[in-house]
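In: The sequence isn't on hand, but the structure is:
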């Protein structure tokens, strides 16, 4: 049993309860009680651990609804590419990594997400089985999918779309293999389907995934209307918009999590509202690309919009178990330090978190009732070894991908 006491508890429940002078009790992996501090501490005189949260805020763990953890290999460079790394030449691609290398960068990416307060991530990338093992190791809740496509990514950097049906079959088989290990839903790692995008998946492949999901009934994560290149390709190849293509293939429904949607047209907006599609807004990506998704309009139409990292339990149909601090819910929590220069004064905890909060403010992370990060240290990995391995692999992978890379600012240590 674990008890958190003092501090301020932001429940994020329907009534938006905020608890002062309170304590929260975790037994095994569930929240069992929250209420008056003195009453609870008297009721539970002995427990495995008590955490004093004075000067801190306790929130439900954040949910990152769209992440590619192994793509950390291109951080510091991808930000200036102008488009997604998968569509860019002379950068390391997911297919260029081995399972072992992908495992390292999945650890790195998941560790960064956890340090910023994420207790649940939805990861879609190549080598999904290796990523799943990394997430188990670090102790983060994750929904994993293989990046499924039948367009050869190695030609995308040149603007060439070459459909290879066997490639799509092989990647879909890898996605299906996840269900054999993680399809039961009992562990921290679960799985879903991950068609990459309307311009990198043929209609035949998209229809096959829709057909499979008639049986599996799990979330489907994809990219949608993220670039003008995508819109042009789909229009030329299929005579419709990306949203219309997904709809025609049977994927545009309440199971779909569509990321970006920067160039979603009027028809797409109307269909998203009509069919209960969840939109995953990536504001950082919008800023880098210089384009803004029509988020306000989508919300006004009643579309469920989640930010890349926020309280997105509804999008995964997990709101009965996650997303708020309530008795009976899974104990996925973050403790955030408010006693810092940039967080002072704290007239409004939510305002401070949204406008002033930094990843370094996250002090402790609890996933499924287990402390996975304590005082800023992630307990499930050797951080120094992960960083060392990531630096080494990135150095030679960048050498292979781009022999002409300017190494003036490269720093290997």
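Out: Everything's here; your move. Everything numeric in this text was worked out from a predicted model, so none of it was measured.
In: if I pick residue 175, what's in contact with it?
Out: Contacts for residue 175 (C-beta atoms under 8 Å, 6 or more residues apart in numbering) come out as 128, 145, 146, 148, 191, 193, 194. Quick note: C-beta positions are derived from backbone N, CA and C, even for glycine.
In: Equivalent analysis for residue 364, please.
Out: The contact partners of residue 364, by C-beta under 8 Å, 6+ apart, come to 51, 334, 335, 371, 373, 374, 375.
In: of the residues you listed, closest to residue 399?
Out: Each of the contacts of residue 364 was checked against residue 399 using C-beta to C-beta; the closest is residue 373, at 33.3 Å.
In: quick revisit: between the contacts of residue 364, which sits nearest residue 137?
Out: residue 373 (13.7 Å).
In: okay, now the closest one: neighbour count?
Out: Residues near residue 373, counting by other C-beta atoms under 10 Å, number 25.
In: What average pLDDT does whichever strand or helix holds residue 24 get?
Out: When elements are defined using DSSP states H and E, residue 24 is found to belong to strand 22-27. Per-residue pLDDT values over strand 22-27 give a mean of 98.
In: now do stretch 123-130
Out: 98.
In: Need the contact partners of that stretch.
Out: Counting by C-beta under 8 Å, 6+ apart, the neighbours of stretch 123-130 from elsewhere in the structure are 66-71, 93-95, 97-100, 102-103, 106, 109-110, 131, 135, 142-147, 174-175, 177-178, 181, 191, 194, 196, 221.
In: For PyMOL, what selects the buried ones among these?
Out: Filtering the contacts of stretch 123-130 down to the buried ones (16 or more other C-beta atoms under 10 Å) takes a single PyMOL command:
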select buried, resi 66+67+68+69+70+71+93+94+97+102+103+106+109+110+131+135+142+143+144+145+146+147+174+175+178+191+194+196+221
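In: The stretch 251-400 of the chain: helices as residue ranges?
Out: With helices called from DSSP state H, counting those that start in this stretch, the stretch 251-400 of the chain shows them at 266-275, 283-289, 295-300, 349-356, 383-401.
In: mind checking which of these is nearest residue 308?
Out: Checking the helices of the stretch 251-400 of the chain against residue 308 by C-beta to C-beta gives helix 283-289 as the closest, at 7.0 Å.
In: Would you mark the buried spots in that closest one?
Out: Going through helix 283-289 with 16+ other C-beta under 10 Å, the ones that come out buried are 285, 286, 289.
In: What distance separates the opening and closing residues of stretch 286-297?
Out: Separation of the first and last residues of stretch 286-297 by C-alpha to C-alpha, to the nearest Å is 16 Å.
In: ah, wrong one, I meant stretch 317-335
Out: One end of stretch 317-335 to the other measures 25 Å (C-alpha to C-alpha).
In: Please point out which parts of it sit buried.
Out: When burial is assessed from 16+ other C-beta under 10 Å, stretch 317-335 yields the following buried residues: 318, 322, 323, 324, 325, 329, 330, 331, 332, 333, 334, 335.
In: One more: stretch 39-55?
Out: Within stretch 39-55, the residues scored as buried using 16+ other C-beta under 10 Å are 40, 44, 51, 53.
In: Looking at that stretch now, give me its mean pLDDT.
Out: Predicted confidence along stretch 39-55 averages 96 (mean pLDDT).
In: Now find how far off-centre it is within its chain.
Out: Distance of stretch 39-55 from the chain centroid (C-alpha atoms, centre = their mean, to the nearest Å) equals 32 Å.
In: And the pLDDT at the closest residue to residue 150 other than its chain neighbours?
Out: In space, residue 150 comes closest to residue 168 once its chain neighbours are excluded; the distance is 2.9 Å by C-beta to C-beta, 6 or more residues apart in numbering. According to the per-residue confidence, residue 168 scores 98 in pLDDT.
In: hmm, back to that, which of the contacts of stretch 123-130 fall in strands?
Out: Judged by DSSP state E, the subset of the contacts of stretch 123-130 located in strands is 66, 67, 142, 143, 144, 145, 146, 191, 221.
In: surely the last one meets residue 192?
Out: Meaning residue 221. Yes: between residue 221 and residue 192 a contact is recorded at 6.1 Å, counting by C-beta atoms under 8 Å.
In: Please identify every residue contacting each of the two.
Out: The contact lists of residue 221 and residue 192 share 122, 143, 145, where a contact means C-beta under 8 Å, 6+ apart.
In: State the pLDDT value of the last one.
Out: So that's residue 145. For residue 145, the model assigns a pLDDT of 98.
In: Could you give the bridge partners of it?
Out: Listed by DSSP bridges, the beta-bridge partners for residue 145 are residue 124.
In: Export the shared contacts of residue 221 and residue 192 as CSV, with columns for distance to residue 225.
Out: Putting those into CSV (distance: C-beta to C-beta, whole Å) gives the following:
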residue, distance to residue 225
122, 19
143, 22
145, 20
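In: CSV please, covering the contacts of residue 364 and showing distance to residue 116.
Out: Supplementary listing: these in CSV, determined by distance: C-beta to C-beta, whole Å:
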residue, distance to residue 116
51, 20
334, 9
335, 13
371, 17
373, 10
374, 16
375, 15
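In: quick one: least confident of those?
Out: Across the set of these, residue 375 stands lowest in pLDDT, at 95.
In: mind giving me the domain split of this protein?
Out: Under automatic domain parsing, the residue ranges defining each domain of the chain are 2-60+332-378, 62-316.
In: Quick check: which of the ones you listed is buried the most?
Out: The densest packing among the domains of the chain, expressed as mean neighbour count by mean count of other C-beta atoms under 10 Å, is seen in domain 62-316 with a mean of 20.
In: Good, we can wrap up now.
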